[in-house]
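A.B. asks: Structure of the sequence below:
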Amino acid sequence: MSDKNGDARQHPRSEVLLKVEYPGYEDFLHDYTENISRGGTFVYSEREWHIGDRLRLTLSFPGLLRPIQLRGEVAWVRKEQDRGIGVRFLFDENPESERRLAELVQAIQRGESTALARRIRILVVEDNQFIQKLLRDGLDSLARKRLADSVTLIFREAANGFDGLELIGKEPVDLLVCDLYLPVLDGFELIRRTRQQFPKGKLPILAFSAGGPDAGRRALALGADIFLDKPLRLTKVFETICDLLRLGENSRPDRGPAGATA
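C.D. replies: I've put the predicted structure just below:
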């Protein structure tokens, strides 16, 4: 894991605030099993550290509703390649933190909704990279503003219908968002083949295009749930997704982490 930010050191023995963010809950679980449960871990950092430096750490990862607060100290320093520090956790000073860590791990493994935000896996199939980025960044921003910490959006992207269909076969997907006019395999055929694998009600499909009403009617006839005209309005796309996935202001996790991929 690596540190994100923290207060500047005032003197070598001052307590430093350190925020540590894992890429995902899987990485946290692995580090807990291999290191944290044994009393320490390694943190990548470019800072200048000294053995014995006191730390106040916040451990988090995307979708964690309540980050973990820990105290620790620097046990050793690595200054060569992959600079960082070996941290020893001071569980004896705060036994409650060790208990909460163990409870969090158990809650994640059981898929309890009190620990994690709901993870929504959205596959965007669009050959225009600008539109891909617009959807990814815009929807993520709107989710953070309107749904707070209750939902985490995870995006996968494909530039043609064939690659999109392959991803659907390999990875869990909660929502397919696709253009209709795509290279290699167009969106109409992508929708038709997807519906062969996932009947309506199993995988929502939001289709969009500048093709007008005829394209929309054809997409809906093949199995799309919703059709939107280009140019897309992000707020409309977001509200449509919320309707399709039944997301609301008080949305909470309804699935465990099993099988989820980031």
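
A.B. asks: those helices in the chain, which residues are they?
C.D. replies: 25-34, 95-110, 129-147, 161-170, 187-197, 212-222, 234-245 (DSSP state H).

A.B. asks: any weak-confidence spans in the stretch 151-262 of the chain?
C.D. replies: 248-262 (pLDDT under 70).

A.B. asks: hang on, the earlier thing: out of the helices of the chain, which comes closest to L228?
C.D. replies: helix 234-245 (6.6 Å; Cβ to Cβ). To be clear about C-beta, it is placed using only N, CA and C from the backbone, and glycine gets the same treatment.

A.B. asks: Give the buried residues for the closest one.
C.D. replies: Going by neighbour count (16 or more other Cβ atoms under 10 Å), the buried part of helix 234-245 is 237-238, 240-242, 244-245.

A.B. asks: What is it packed up against?
C.D. replies: Counting contacts by 3 or more Cβ pairs under 8 Å, 6 or more residues apart in numbering; DSSP states H and E, helix 234-245 packs against helix 129-147, strand 175-179, strand 205-209, strand 226-229.

A.B. asks: could you dump it to CSV, C-alpha only?
C.D. replies: What follows is helix 234-245, C-alpha atoms only, in CSV (Å, rounded to 0.1, in the frame of the first residue of the first chain):
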residue,chain,number,x,y,z
LEU,A,234,-24.9,13.6,-18.3
THR,A,235,-27.6,14.3,-15.7
LYS,A,236,-30.1,12.4,-17.9
VAL,A,237,-27.8,9.4,-18.2
PHE,A,238,-27.2,9.4,-14.5
GLU,A,239,-30.9,9.6,-13.6
THR,A,240,-31.6,6.8,-16.1
ILE,A,241,-28.9,4.6,-14.5
CYS,A,242,-30.4,5.3,-11.0
ASP,A,243,-33.8,4.3,-12.3
LEU,A,244,-32.5,1.1,-13.9
LEU,A,245,-30.5,0.0,-10.9
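
A.B. asks: gap between that helix and the chain center?
C.D. replies: 18 Å (Cα atoms, centre = their mean, to the nearest Å).

A.B. asks: is the residue nearest in space to the middle of the chain in a bridge, and if so with what?
C.D. replies: The residue lying closest to the centre of the chain (Cα atoms, centre = their mean) is I154, at 4.6 Å. Following DSSP bridges, I154 is listed with bridge partners R121.

A.B. asks: Surely it touches L123?
C.D. replies: No. At 9.8 Å, I154 does not count as touching L123 under the criterion of Cβ atoms under 8 Å.

A.B. asks: And R146, how close does it get to C242?
C.D. replies: Using Cβ to Cβ, to the nearest Å, we find R146 at a distance of 8 Å from C242.

A.B. asks: cool, and P23?
C.D. replies: On the measure of Cβ to Cβ, P23 and C242 end up 26 Å apart.

A.B. asks: can you check T194 too?
C.D. replies: 21 Å.

A.B. asks: what does V77 give?
C.D. replies: For V77, the distance to C242 - Cβ to Cβ - is 48 Å.

A.B. asks: can you check L139 too?
C.D. replies: L139 is 10 Å from C242, by Cβ to Cβ.

A.B. asks: residues contacting Q197?
C.D. replies: 168-169, 203 (Cβ atoms under 8 Å, 6 or more residues apart in numbering).
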